[in-house]
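**Student:** just need the structure, nothing else, for what follows:
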Amino acid sequence: QVQLVESGGGLVQAGGSLRLSCAASGRTFSRNRMGWFRQAPGKERSFVAGISLSGSITDYADSVKGRFTISRDNAKNMVYLQMNSLKPEDTAVYYCAADSPPLKLGVRPEEYDYWGQGTQVTVSS
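**Tutor:** Residues are numbered from 1 along each chain as shown. Have a look, this model is predicted:
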């Protein structure tokens with residue numbers, strides 16, 4: 001069982017930055033591939049970024065490549081999403097998610113086993 005709690009959301013102007021954090025409980029954190037997803041009003045939840053168990057491999061949605069960076073600290077059971085050059089279209093609720101063993105290594109929400117409650121990010125133009 002993994003419990004996830006996100007923080008760091010808020011209101012920011014276009015071009016600004018935010019750093020989201022996700023605190024994970026449990027002693028098996030390092031065995032989970034981690035991801036960030038987002039969901040805007042009226043839209044489906046979509047993949048934003050993923051990171052491997054060690055943190056050496058990351059992948060991103062095309063819409064955020066070059067602007068967002070995912071990282072993790074296994075010693076602290078933390079996952080982060082640094083978001084730079086934010087755009088109004090980045091406005092959404094952002095969710096932290098865990099892909100637990102056996103790993104699915106996918107980008108679909110149904111391939112992740114545990115979810116946080118979400119944190120709102122609003123980017124004004």
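**Student:** which ones are touching residue 9?
**Tutor:** Going by Cβ atoms under 8 Å, 6 or more residues apart in numbering, residue 9 touches 18, 20, 94, 119-121. From N, CA and C alone the C-beta is placed, and that goes for glycine too.
**Student:** residue 31: what's its closest spatial neighbour, skipping adjacent residues?
**Tutor:** residue 101 (5.7 Å; Cβ to Cβ, 6 or more residues apart in numbering).
**Student:** that neighbour contacts residue 33, correct?
**Tutor:** No - using Cβ atoms under 8 Å, residue 101 is not in contact with residue 33; the gap is 9.2 Å.
**Student:** which one's more surrounded, the two?
**Tutor:** residue 33 (21 against 11; other Cβ atoms under 10 Å).
**Student:** just give the nearest non-adjacent residue to the more buried one, would you?
**Tutor:** The shortest distance from residue 33 to any non-neighbouring residue, by Cβ to Cβ, 6+ apart, is to residue 99 (4.1 Å).
**Student:** what about stretch 64-80, how long is it end to end?
**Tutor:** 15 Å (Cα to Cα, to the nearest Å).
**Student:** what strand or helix carries the residue nearest in space to the middle of the chain?
**Tutor:** Centroid-nearest residue in the chain: residue 36, 2.0 Å away (criterion: Cα atoms, centre = their mean). Using DSSP states H and E, the element containing residue 36 is strand 33-39.
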